Structures are given as C-alpha cells and as structure tokens.
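# Prediction below, plus the sequence it came from.
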Amino acid sequence: MKEYGEILLGVVLAALGIAGIWVFKWQVLDVIKGVIGIIVLLVGAVFLMIGISDVREKGEAESTESEKGEGD
C-alpha cells in the first residue's frame, strides 16, 4: 500500500509543479534565460579541465616512454 501512496504523491507534486510553471511562465522563462550563460560557462570549464587532463596524461606517457627507451 505504501507504493501507491508514493505514486499518488508523485502525481500530485508533478501536477502542482506543472501548474506552478504555467502560472509563473514568464518568470520561469526569465530564470532560464539568465541561467543559460552560467551553464555555458560551467560546461566550458569542464571541457577545459578535461582537455588539460588529457594533455597532461599524454605528456606523462611520452616522458615515461622516452625514459624507458634511453635505458635500453
């Protein structure tokens, strides 16, 4: 019986969320417009960190390979 209560609560909260978005649709759109720049900035920072990490790993791999080659 607990599962049905959770489903019912989920449906009620989803309906209230949709109604809230409909009532405040212009404010919701303003927030989305304001957040777009922040999201783009964060995604760019993540890609920058991934790129730096890849370059660093490639440099470390090349340096270990050259050290192995010198000893032979």
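Done, it's in. Numbers count the residues shown, from 1 in each chain.

# Report the separation between the spatially most central residue of the chain and Glu3.
Centre of the chain computed as the mean C-alpha position; nearest residue by Cα atoms, centre = their mean is Val43, 7.3 Å away. Counting by Cβ to Cβ, to the nearest Å, the gap from Val43 to Glu3 is 37 Å. For the C-beta atoms, the positions are set from N, CA and C on the backbone; glycine is no exception.

# swap in Ile32?
34 Å.

# Between these two, point out the one with more neighbours.
When Ile32 and Glu3 are compared on other Cβ atoms under 10 Å, the one with more neighbours turns out to be Ile32, at 10 against 7.

# what's the helix or strand in which that one is found packed up against?
Following DSSP states H and E, the helix or strand that holds Ile32 is helix 25-71. Using 3 or more Cβ pairs under 8 Å, 6 or more residues apart in numbering; DSSP states H and E as the contact criterion, helix 25-71 has no neighbours among helices and strands.

# mind running it again at 10 Å?
helix 2-23 (3 or more Cβ pairs under 10 Å, 6 or more residues apart in numbering; DSSP states H and E).

# what is the rounded mean pLDDT of the helix it packs on?
What helix 2-23 shows for mean pLDDT is 94.

# could you say what helices and strands it packs with?
Using 3+ Cβ pairs under 10 Å, 6+ apart as the contact test, the elements touching helix 2-23 are helix 25-71.

# what's the angle from the helix it packs on to helix 2-23?
110 degrees (axes from the mean of the first three to the mean of the last three Cα atoms, to 10 degrees).

# chain center to helix 25-71: distance?
Its chain's average C-alpha position is 12 Å from that of helix 25-71, according to Cα atoms, centre = their mean, to the nearest Å.

# Local confidence estimate at Ala61?
In the predicted model, Ala61 carries a pLDDT score of 81.

# Who are the contact partners of it?
Contacts of Ala61 were listed using Cβ atoms under 10 Å, 6 or more residues apart in numbering, and none were found.

# I'd like the numbering to begin with 324 instead of 1 from here.
Let's use 324 as the start, then, which means that last one is Ala384.

# Okay, it and Glu326: tell me how far apart.
The gap separating Ala384 from Glu326 is 51 Å, by Cβ to Cβ.
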